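S.K.: predicted coordinates and the sequence they were generated for:
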Amino acid sequence: MPLYLNDEQTMLRDTAREFVAEHAPVRHLRALRDAKDPTGFSRDLWKQFAEMGLTGILIPETSGGLGLGHVEAGVVLEEIGRNLTPSPFLSTAVAAVEALKGTGHADRWFPGIAAGEAVIAIAHDEKPKFGRAVALKAERAGNGFRLTGAKRFAHHAHAADLILVTARTAGSDTDTAGITLVAIDPKAAGLDLRPERLADSSLAAHATFDGVEVTADAVVGEIDAGADPLGRLLRAAGAGASAELLGVGAGASDMTLGYLKERKQFGTLIGSFQALQHRAAHLYSELEVARAATLKAQQLLDAGEPADEAVAIAKAMTGLATTLAVQEGIQMHGGIGMTDEYDIGFYMKRARVLAEMFGDSNYHANALAEAAGY
């Protein structure tokens, strides 16, 4: 598979780039932050995404979507990252859609996602860092379950229409078997959602489950076999987060290169300084390698081939490359880069949050090492 976009994907990229840059540039994020917006994203913008057909990229045509793939979803996510657009696209249109495919919940939720009317959150993390362990208990209660425990960093959960929750129905916290994926109503009795603003001004909820009761119909997939839909969810989310991270890095890089071409010191453009040219060339190379790794992971997912290692490589490499991009951006902008009035700082904050979502570079590097027998 060639590691570049075909003509149709390039057209989609151009369309998404123009749309997001016009309707949701960085100043959109700044406005939401300054207004202390309680939702954290614009529902009107989410509807506009749907009108463009973007929310239904991964949804089959029979369910009102476009029936495209992860490469196309990544194209949109990269533009979302480039413009730092607050959006539930990653959690709803990518992660949740993949988890719900082939289950009884698909017919219920896919039309709403495609229409921009539904937002779905993911509640998996239980510790300060991402991990696969699941301790939240789901005990049998009547024909369903009673959930007790807590989840952390569930993005958009406070404003969601549905929350996908990983729960422990059998085994120990670290067992792969015995996990069940459950669809929860955010307004369910016993569920407390406490949204907190993160470094990038996005909102993520800490969720406490105090005997939340659900029926058997809430189960996504099979009881004790949630590792399958969870695996689909995490692979899709990992590749998607990599694409969005790549967009953040590309946006920071573009801003930095533009500054190098404009800023003068001692009457000379700083972009003419060889030391800065070398650093800019190094950054370009790192971002291009990360782009290739991300595209490879997306292509494997679309082909239905094993993609765990490719997704781990993509997330690790985009985390490193984008961290380099935002750090170099701050450094090369000098003092102005440290001010809130200049946008480069927003890229660093978003990169920091995205790098942690669904596993940071260290987590995925360790996973690859363990898979290789180390």
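M.R.: Yep, that arrived.
S.K.: mind listing the strands for the stretch 201-350 of the chain?
M.R.: 203-215, 219-220, 264-265, 268-269 (DSSP state E, counting those that start in this stretch).
S.K.: same deal with the stretch 1-150 of the chain?
M.R.: Under DSSP E, counting those that start in this stretch, the stretch 1-150 of the chain gives strands at 120-123, 137-141, 144-155.
S.K.: mind putting those strands into CSV with mean pLDDT, distance to residue 162 and mean neighbour count?
M.R.: All C-beta spots, glycine's among them, are computed from the backbone N, C-alpha and C. Shown next, in CSV, are these (pLDDT from 0 to 100; distance: least, CB to CB, whole Å; neighbours: other CB atoms under 10 Å):
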stretch, mean pLDDT, distance to residue 162, mean neighbour count
strand 120-123, 98, 5, 28
strand 137-141, 95, 17, 16
strand 144-155, 97, 12, 21
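S.K.: so which of those strands gets nearest residue 233?
M.R.: Among those, strand 120-123 comes nearest to residue 233, with 6.9 Å by CB to CB.
S.K.: neighbouring strands - and their directions - for the closest one?
M.R.: strand 162-168 (parallel) (DSSP bridges).
S.K.: next structured bit after the strand it pairs with?
M.R.: strand 179-184 (DSSP states H and E).
S.K.: compute the inter-axis angle for that following strand and strand 144-155.
M.R.: 80 degrees (axes from the mean of the first three to the mean of the last three CA atoms, to 10 degrees).
S.K.: for strand 179-184, C-alpha coordinates in PDB please.
M.R.: This file holds the C-alpha atoms of strand 179-184, laid out as PDB (Å, rounded to 0.1, in the frame of the first residue of the first chain):
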ATOM      1  CA  ILE A 179     -14.400  -7.200  30.600                       C
ATOM      2  CA  THR A 180     -17.800  -6.100  29.400                       C
ATOM      3  CA  LEU A 181     -18.500  -2.900  27.500                       C
ATOM      4  CA  VAL A 182     -21.700  -1.200  28.700                       C
ATOM      5  CA  ALA A 183     -23.700   1.600  27.200                       C
ATOM      6  CA  ILE A 184     -24.800   4.000  30.000                       C
END
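S.K.: which parts of it are buried?
M.R.: 179-184 (16 or more other CB atoms under 10 Å).
S.K.: what residues does it touch?
M.R.: 99, 105, 123, 134, 138, 145, 147, 162-169, 191, 212, 214, 218-227, 229-230, 233 (CB atoms under 8 Å, 6 or more residues apart in numbering).
S.K.: for the protein, which segments count as helices?
M.R.: Under the criterion DSSP state H, helices of the chain are mapped to 7-23, 26-34, 43-51, 70-82, 97-100, 106-114, 227-260, 274-303, 308-333, 344-356, 361-371.
S.K.: CSV for those helices, including mean pLDDT and mean neighbour count?
M.R.: Converted to CSV, these look like this (pLDDT from 0 to 100; neighbours: other CB atoms under 10 Å):
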stretch, mean pLDDT, mean neighbour count
helix 7-23, 97, 15
helix 26-34, 95, 16
helix 43-51, 97, 17
helix 70-82, 98, 27
helix 97-100, 97, 27
helix 106-114, 96, 20
helix 227-260, 96, 25
helix 274-303, 97, 18
helix 308-333, 97, 24
helix 344-356, 96, 22
helix 361-371, 96, 16
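S.K.: out of those helices, which is closest to residue 199?
M.R.: helix 344-356 (4.7 Å).
S.K.: check the offset of the closest one from the chain's centre.
M.R.: 12 Å (CA atoms, centre = their mean, to the nearest Å).
S.K.: just want the angle from it to helix 26-34.
M.R.: Using the same axes, to 10 degrees: helix 344-356 against helix 26-34 is 80 degrees.
S.K.: what's the nearest residue to residue 103 if we skip its chain neighbours?
M.R.: Counting by CB to CB, 6 or more residues apart in numbering, residue 220 is the residue found nearest to residue 103 once chain neighbours are left out, at 5.3 Å.
S.K.: OK, contacts around that neighbour?
M.R.: With CB under 8 Å, 6+ apart, residue 220 has these contacts: 99-100, 103, 105, 164, 181-183, 226, 229.
S.K.: tabulate the residues you listed in CSV, adding columns for distance to residue 51.
M.R.: Output for the contacts of residue 220, formatted as CSV (distance: CB to CB, whole Å):
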residue, distance to residue 51
99, 25
100, 22
103, 27
105, 24
164, 25
181, 30
182, 31
183, 26
226, 34
229, 29
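S.K.: show me which of these is closest to residue 250.
M.R.: residue 99 (28.0 Å).
S.K.: quick one: contacts for that closest one?
M.R.: Here residue 99 is in contact with 164, 181, 220, 229-230, 232-233, 236 (CB under 8 Å, 6+ apart).
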